[in-house]
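Q: Structure for this input, please:
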Amino acid sequence: MWRGVFGRNIQGLDNLLRSILCANSWLSCSSASGAARYAAVRFVLALLALAGAAFAVPAAQAETRTLKLYYVHTNERAEVTFKRNGRYLSDGLKKANHMMRDWRRNEPTKMDPKLLDLLWEVYREAGARDYIHIVSGYRSPATNSMLRKTRGGQAEKSQHMVGRAVDFFVPGVKLSKLRAVALKKQAGGVGYYPRSGSPFVHIDTGNVRHWPRMSRKELVAVFPNGKTLHVPSDGKPLPGYEQALAAYKNKGRGDTRVVVEESTGSKPKTLLAALFGGADESEDEADAATPGVAAVAPEPAPKPKVKPAPAEAPQVDIAALQPSQMEAIPDASGAPRACRGVAPEPDHWLPSLKS
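A: Numbering: from 1, shown residues only. All right, here's what the predicted structure looks like:
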């Protein structure tokens, strides 16, 4: 009977049950009536076990996932239920796509459902209660290009452009806590912008990486057992890196490619070399610094380009200069002047701070 219920032989359990029940005089297995009572008890227990197996549903499949979203640029607010009983809801996904659209062009895209899962899990595990304040969701190629020109960033491709990234904060929850929770998920990229005009955390479902690089001490504080794919600023993985890599592969995440944040010298390996998922999201701060306005229609066709007047001062490739050289760049009169270069790679972008 037990084998029929559980699909495997658990004779040991049956023997244990017999020894317990038959020790009772009421269920004396030596008599015909006692044997009948024993058989009846076994039958009832089998039914209960079968019912439990039939109705036992994993917690992840029995729950309802709802995101409380507020878009800072459009002042829109919505509660989006995108998943129930382990199944994504098409209406909820469409609503999320709209809430995370490119607000400049009023252009939505299909956001990665896994990103919504990640955002929901980070929100819950951080103990958040307020609305998730979205700073940036989807960014169209045109918007991303505009932000690159405005900010001077390096990344030509961004996870935002394919609906796999979101920049956000939650009132009442420290950015450092949101970052720590996101890092522990080891489900993609994690960016930290505590000094932005509107401080936020970036998460995406691309390759596992983080910026700016945390010190070894900071990373150990998040991963005391050392089991992480994230690599500290010294370029040396924590002791549990191999175990974390094995666990990552066992999750069945596609072809199990992982961006190894190695650093063999003073300049860390650029993430742009790590396929599409390695973009450093250097446009994020420019997007966060943009004043919030109502959603607008798509931009009109660009006007014919006008050839700019010749520059009075010689052009200087600021991106190739070291900080000490940048301070010595003269203006047209020969006097030193301040200058702004392109945003550095994520590891040197912002100091690792705790909010």
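Q: Where do the helices of the stretch 151-300 of the chain begin and end?
A: Along the stretch 151-300 of the chain, counting by DSSP state H, counting those that start in this stretch, helices occupy 175-185, 216-222, 241-250, 284-288.
Q: Over to the stretch 1-150 of the chain?
A: 2-6, 11-22, 32-55, 59-62, 90-99, 113-125, 141-151.
Q: follow-up on the earlier one: to residue 109, which of the helices of the stretch 151-300 of the chain lies closest?
A: Taking C-beta to C-beta, helix 284-288 is the member of the helices of the stretch 151-300 of the chain nearest to residue 109, at 15.5 Å. C-beta coordinates here come from the backbone N, C-alpha and C atoms, glycine included.
Q: Restrict stretch 103-111 to CA atoms and write it as CSV.
A: Presented in CSV, the C-alpha positions along stretch 103-111 are these (Å, rounded to 0.1, in the frame of the first residue of the first chain):
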residue,chain,number,x,y,z
TRP,A,103,8.9,57.8,-20.6
ARG,A,104,10.6,60.2,-23.0
ARG,A,105,9.2,58.5,-26.1
ASN,A,106,6.1,56.9,-24.4
GLU,A,107,7.5,53.7,-25.8
PRO,A,108,7.1,50.3,-23.9
THR,A,109,8.8,47.0,-24.5
LYS,A,110,8.5,43.5,-23.1
MET,A,111,10.2,43.6,-19.8
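Q: mean confidence for that stretch?
A: Mean pLDDT, stretch 103-111: 97.
Q: any idea how far the nearest residue to residue 112 once chain neighbours are set aside is from residue 94?
A: Excluding the flanking residues, the one nearest residue 112 by C-beta to C-beta, 6 or more residues apart in numbering is residue 164, at 4.5 Å. Residue 164 sits 17 Å away from residue 94, going by C-beta to C-beta, to the nearest Å.
Q: same check, this time on residue 241
A: Distance from residue 241 to residue 94, by C-beta to C-beta: 40 Å.
Q: same thing with residue 159?
A: For residue 159 relative to residue 94 (C-beta to C-beta), the value is 21 Å.
Q: okay but residue 215 is in contact with residue 235, surely?
A: No. Using C-beta atoms under 8 Å, residue 215 is not in contact with residue 235, being 11.6 Å away.
Q: neighbour count winner among these two?
A: Higher neighbour count among residue 215 and residue 235: residue 235, with 17 against 12, using other C-beta atoms under 10 Å.
Q: hang on, the earlier thing: lowest mean pLDDT across the helices of the stretch 1-150 of the chain, which one is that?
A: When the helices of the stretch 1-150 of the chain are compared by mean pLDDT, helix 2-6 comes last with a mean of 45.
Q: what comes up buried for stretch 182-191?
A: 182, 183, 184, 186, 187, 188, 189, 190, 191 (16 or more other C-beta atoms under 10 Å).
Q: still on that earlier bit, among residue 164 and residue 94, which residue is more densely surrounded?
A: residue 164 (23 against 15).
Q: Would you map the strands across the stretch 151-300 of the chain?
A: Ranges of strands within the stretch 151-300 of the chain are 165-169, 189-193, 200-204, 209-211, based on DSSP state E, counting those that start in this stretch.
Q: Adding mean pLDDT and distance to residue 85 as columns, could you present these in CSV?
A: Output for the strands of the stretch 151-300 of the chain, formatted as CSV (pLDDT from 0 to 100; distance: least, C-beta to C-beta, whole Å):
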stretch, mean pLDDT, distance to residue 85
strand 165-169, 98, 24
strand 189-193, 97, 29
strand 200-204, 98, 25
strand 209-211, 96, 33
